[in-house]
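Asker: Below are the sequence and a predicted model; questions follow.
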Amino acid sequence: MATRALPQATTRSVLGTEVGAFLRHVDYLLLLAVGGVIAYGLWVLNAVTRHDIPGDPGYYLFRQEIYVAVGAVALAVMAVIDPELLRRYKRALYGLMIFLLLIVFPLADRVRGSKRWITVGSFNFQPSEIGKVLLILFLAGFIADRARRVGEWRTMWAVVGLAAVPIVLVFQEPDFGSAMLYGSAAVAVLFFAGAPWKQLAALVATVAVVAVGIFWFLPSAGVDVLDQYQKDRLVGFLHPDVDPGGSTYNVNQSITAVGSGGYDGRGVAGATQTNLDFLPEHNTDFIFSSLAEQRGFLGAATLLLLYGLIAWRGIKIIAVAPSLFTAAAAGAIVFTFLVQIFVNVGMTIGIAPVTGIPLPFVSFGGSSMITTLAMVGLLEAIHIRGRLAAQK
Amino acid sequence: MALRIAVVGVFAVTIFCVLFFRLWALQVISGQRYLDEARNNQVRTFRAPAQRGSIIDRNGKVLVSNVPSTVAQLWPAALNDLSADERTQTLRRVGRLLDVPYRQIEKELKARKNDLLTPVTIKTDVPNAKVNYLLEHQNDFPGVQVSQASLRHYDDGAIASQLLGYLSEISPQQVEARAKDGYAPGDRIGQSGVEGAYDTYLRGQPGIGRVYVDALGRVKSAREYEQLPEAGDNVRLTIDADLQRTAEEALDYGIRIAHEDGRWAADGGALVAMDPNTGEILALASNPSFDPRIYTGRVQQKNLNQLAKSSANHPTLDRAVAGVYPPGSTFKPVTALAALESGLVAPDELIQCTGKEVVDGQVFKNWDPYANEPMTMTTALAASCDTYFYQLGLRFYERKDSPLQSWARDMGFGAKTGVDVGPEERGLVPTPSWRRRYFKTEIDKIWTSGDSVQLAIGQGDVLVTPLQMARLYGMIATGGKLVEPHVVKSVEEPGNEGQAPVVLRPYAPKPPKDVQLDQSAVRVVQEGLYQATHESYGTSSGIFGSFPIEIAGKTGTAEKYVRLPGYSGLQDQAWWCGYGPYASPKLVVCALIENGGHGGIAAAPAALRVFEKYFKVDPDSYSASVKNSD
């Protein structure tokens, strides 16, 4: 009976007399930073995409604004819902995630060799994005339930095993970038739940062995886990000049775009790499290159500083998290956020493999925008609960 | 927990630092370099081939000019930006539209995979309806471009094909070798004949300019020329187109009468007509020939295979300058002059002409087995008595300094004539030292009396080209002047409307080489050649005897070991070389019919046709008859 009473009590505390306290403990600096990045991102997207659809310069901007609006609602909802409630339904969330990742295979159309998007009405929905937040919630809840056995090997392997299911699924789409983020989330959950250092070291070693197996042993044994294009892209950034017309073409064009931006950019009209389509996917995965080309080092650095602000607030929220569950969830959100920024920006400047993951809040795309805002909402929820708990 | 939060904080600081430094390095430190790169990215340098010069004959008749043609080209760089599926689909689509097999397009793109910035022509002469379709559906054909090109046009049909040569796309090796002359990938370059030898004049200056393109290679700006194309110059030949056509028909005629004479293997020939005073070549024919139009536009492999088949008998070979044959009796004037100059024989010395000669146990036959009378040199030349010349050969054999060979070399044998179109063969003048070098076994290394006897009548190992022979008879005609044969008269620019063309570079042949012959010796040989065409015992008097212009010349029937499909053995090569008018020579003609049998039957009538044409003699105004002789 108590299990049912708890959510009701929480709801009342938010919707009732404690609304004032709730609002007082919102991390406004985080909201401000996120709002800043989004506003900046919309400004960038507008400049980058105005030549893309002839006769409709606002095509992408308008849609992205709708996604922001929907995402804002998601943020608010997630901030209001008590994370502990989500923890209670973690198995359902896990099941939902697996379900969403599975229906991609029969329903999705192949786009550039990959089945990632399901079309719902006029909206292209990407389950692997939503899956990110679902996986984090589930893994954090799973490990929090076993708080006393966190140090045990079987707990760690259970987490790894449960994370491996969605990782393998997105890998099959194939969506190597999301698989990498899922892996990062699992490691982060273990890390912030307090898994012993030697277990973490063993995990990293295992990942290394698996990676070597995928790249080396299995192919030599005749089993190709990765498609050739994926291998080429993953290692291509190490040798960008090997095949300038082929697998590293995108990266070289991207580096040229970024470099040509110089200190203060070439402006919207002068950004030939973007406007003449030399830069591939310049409204999604490679939007950072377009930003860097149009606005130069100043424009790119501004965005990175805003991201830094979000990261800083995120890390503070890990510290104030009221429970192991919320700390692990917040830690995983912050860590995957950092990895995502590094991999996306790094890929555009030739220091990370080309994996096709979006730049948070800036790349065009509803699933990413809404999911990332929902994760910010989760962070806010944790912050508010943490502050409230600290007050009592 | 605090430690772990600190770890993630350090991680965050680290990645932001890495990103900042990398951005700083790219944008601020190397920014200018990437800016240049980005600017070059959108600029594509194009080459607009210049209008190629025409080739005209000595009278200004156009032999080769140009016609405009619409071509479809692919930009490899733009195709590389497409996904594999899209690329295949685009190529299939354009292949279907233009009737070019998909596999062939792929093959050609593959051949140019290291050069992404030069368009690959996949179709010439694209019909207008298809051009319009391509232009209206540009989005379905990324990387496909329609442009204008000019193709070679053969105004006078397929004549002088080997001489004119052909154009084809420059090979990577040629680009490397001739890059400093301004040749670039994608250029068309003359590969043989006049087109090849005079390519630098004919090609003009290609226009070079820049155009702005997007990532799919679609042109986004007007063409800006840095250098406008400059049309090539015309090349005026010494060739007379009408005489050339006659020469080619004469070869067909010679082959036909050889066939009628039972010479089934007669399958080719060459004919040279030249001004003996200047070396200007008026006709240079080679048989079999080919239609030069198979090299215009997109070359079809199956047509080239057709040419390369052994049954086609090497139609692209210019036999007049690159075919080598034993000269047979047409070589006897060389022997005669060398013997007179060396003092081995006196002009009026009588030597018995017999049916055969036994030299060191070996029997050498005369072509006329019943001959048995004493002859002077003049008569021996006119009657082409082999045994007379065997005697001279034996006298040469006694001399250890090989005077016959050195005279033969002085008269231009065993070396290139220097004619301005090639490739040219040098032939062979066999000497004792050549035998020692060339042969492996001791017995073969020895120069025997038989070798000298054979050489004296132009048999054995001696090899000559028809052009070398024409030059020899020109030398006899002019009393010892060895000219530099050439086919080009001048390089010129067409004059403005109604004006005469402007000569930019006249062809300046080297002055004729004086072979320093004793004029009395030359006159003996000239007299022999005159009698050969006029006296009853002359070998081609039946053909030239009643010709209104006085012609002097000599037949030849040279045995050559030949390999034909399904046959190998000795075949007679039919020769006739001579000149006219006898008193003041204007034209020297040398005709050869491969495996044609007797020179007097197959070759002399072919040469006669050329004289008829040149001297405008009506064939019905006199009577010629074919005579079976050497």
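Answerer: Arrived safely.

Asker: Helix or strand: which one has the residue of chain A found nearest chain B?
Answerer: At 2.6 Å from chain B, A:Gly259 is the closest residue in chain A, using C-beta to the nearest C-beta. (C-beta placed from N, C-alpha, C; glycine too.) Secondary structure from DSSP states H and E places A:Gly259 in helix A:249-260.

Asker: What of A:Leu42?
Answerer: helix A:28-49.

Asker: and that helix with chain B, contact?
Answerer: No: using C-beta under 8 Å from any C-beta of the partner chain, helix A:28-49 stays clear of chain B, coming no nearer than 13.6 Å.

Asker: quick one: buried residues of that helix?
Answerer: Using 16 or more other C-beta atoms under 10 Å in any protein chain shown as the test for burial, helix A:28-49 gives A:30-31, A:33-34, A:36-38, A:40-42, A:44-49.

Asker: C-alpha coordinates for whichever helix or strand comes after that helix, CSV please?
Answerer: Using DSSP H and E, the helix or strand that follows helix A:28-49 in sequence is helix A:59-80. The C-alpha trace of helix A:59-80 is given here as CSV (Å, rounded to 0.1, in the frame of the first residue of the first chain):
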residue,chain,number,x,y,z
TYR,A,59,11.5,25.1,-43.5
TYR,A,60,14.0,23.7,-41.0
LEU,A,61,13.8,26.5,-38.5
PHE,A,62,10.0,26.3,-38.2
ARG,A,63,10.1,22.6,-37.6
GLN,A,64,12.9,22.9,-35.1
GLU,A,65,11.0,25.5,-33.2
ILE,A,66,8.1,23.1,-32.9
TYR,A,67,10.5,20.4,-31.5
VAL,A,68,11.8,23.0,-29.0
ALA,A,69,8.3,23.7,-27.9
VAL,A,70,7.5,20.0,-27.5
GLY,A,71,10.8,19.5,-25.8
ALA,A,72,10.1,22.3,-23.3
VAL,A,73,6.9,20.5,-22.3
ALA,A,74,8.9,17.3,-21.9
LEU,A,75,11.4,19.1,-19.8
ALA,A,76,8.6,20.5,-17.5
VAL,A,77,6.9,17.1,-17.2
MET,A,78,10.2,15.4,-16.3
ALA,A,79,11.0,18.1,-13.8
VAL,A,80,7.7,17.7,-12.1
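
Asker: and the next helix-or-strand element following helix A:59-80, what other elements does it pack with?
Answerer: Sequence-wise, the next helix or strand downstream of helix A:59-80 (DSSP H and E) is helix A:83-88. Here helix A:83-88 touches helix A:2-15, helix A:127-145, helix A:324-348, helix A:366-391, going by 3 or more C-beta pairs under 8 Å, 6 or more residues apart in numbering or on different chains; DSSP states H and E.

Asker: Least reliable of those by average pLDDT, please.
Answerer: Across the helices and strands packed on helix A:83-88, helix A:2-15 has the smallest mean pLDDT, namely a mean of 48.

Asker: Contact partners for B:His427?
Answerer: Let me fix one detail, which is that residue B:427 is Gly and not His. B:Val324, B:Phe413, B:Gly414, B:Ala415, B:Val462, B:Leu463, B:Val464, B:Thr465, B:Gln468 (C-beta atoms under 8 Å, 6 or more residues apart in numbering or on different chains).

Asker: From those residues, which land in strands?
Answerer: Among the contacts of B:Gly427, no member falls in strands (criterion: DSSP state E).

Asker: Narrow those residues to those that are buried.
Answerer: Neighbour-count burial (16+ other C-beta under 10 Å) is assigned, among these, to B:Val324, B:Phe413, B:Gly414, B:Val462, B:Leu463, B:Val464, B:Thr465, B:Gln468.

Asker: Mind putting those into CSV with distance to chain A and pLDDT?
Answerer: As requested, these are arranged in CSV below (distance: C-beta to the nearest C-beta, whole Å; pLDDT from 0 to 100):
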residue, distance to chain A, pLDDT
B:Val324, 49, 94
B:Phe413, 56, 94
B:Gly414, 53, 93
B:Val462, 58, 94
B:Leu463, 52, 95
B:Val464, 54, 96
B:Thr465, 49, 96
B:Gln468, 53, 96
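
Asker: Among the residues you listed, which pair sits farthest apart?
Answerer: For the buried ones among the contacts of B:Gly427, the farthest-apart pair by C-beta to C-beta is B:Val462 and B:Thr465; their separation is 11.8 Å.

Asker: Is any residue of the helix or strand that comes right after the helix holding A:Gly259 near chain B?
Answerer: For helix A:249-260, the succeeding helix or strand toward the C-terminus, using DSSP H and E, is helix A:267-270. No: Helix A:267-270 lies out of reach of chain B by C-beta under 8 Å from any C-beta, never closer than 9.7 Å.

Asker: Could you list the low-pLDDT ranges of the stretch 251-400 of chain B?
Answerer: B:297-298 (pLDDT under 70).

Asker: ok now do residue 380, which residues does it touch?
Answerer: No chain was given, so I picked chain A. Neighbouring residues of A:Glu380 by C-beta under 8 Å, 6+ apart: A:Val26, A:Asp27, A:Leu30, A:Leu31, A:Leu75, A:Met78, A:Ala79.

Asker: I was thinking of chain B, sorry if that wasn't clear
Answerer: B:Lys332, B:Ala336, B:Ile351, B:Cys353, B:Tyr388, B:Phe389, B:Gly528.

Asker: how would you label the last one: helix, strand or coil?
Answerer: Of the three states, B:Gly528 takes helix according to DSSP: H, G, I helix; E, B strand; the rest coil.

Asker: Hmm, B:Leu381 and it touching each other?
Answerer: Yes: B:Gly528 is within contact range of B:Leu381, at 2.8 Å (criterion: C-beta atoms under 8 Å).

Asker: and stretch A:25-42, average pLDDT?
Answerer: Mean pLDDT, stretch A:25-42: 95.

Asker: same thing with stretch B:428-448?
Answerer: So the average pLDDT for stretch B:428-448 ends up being 91.
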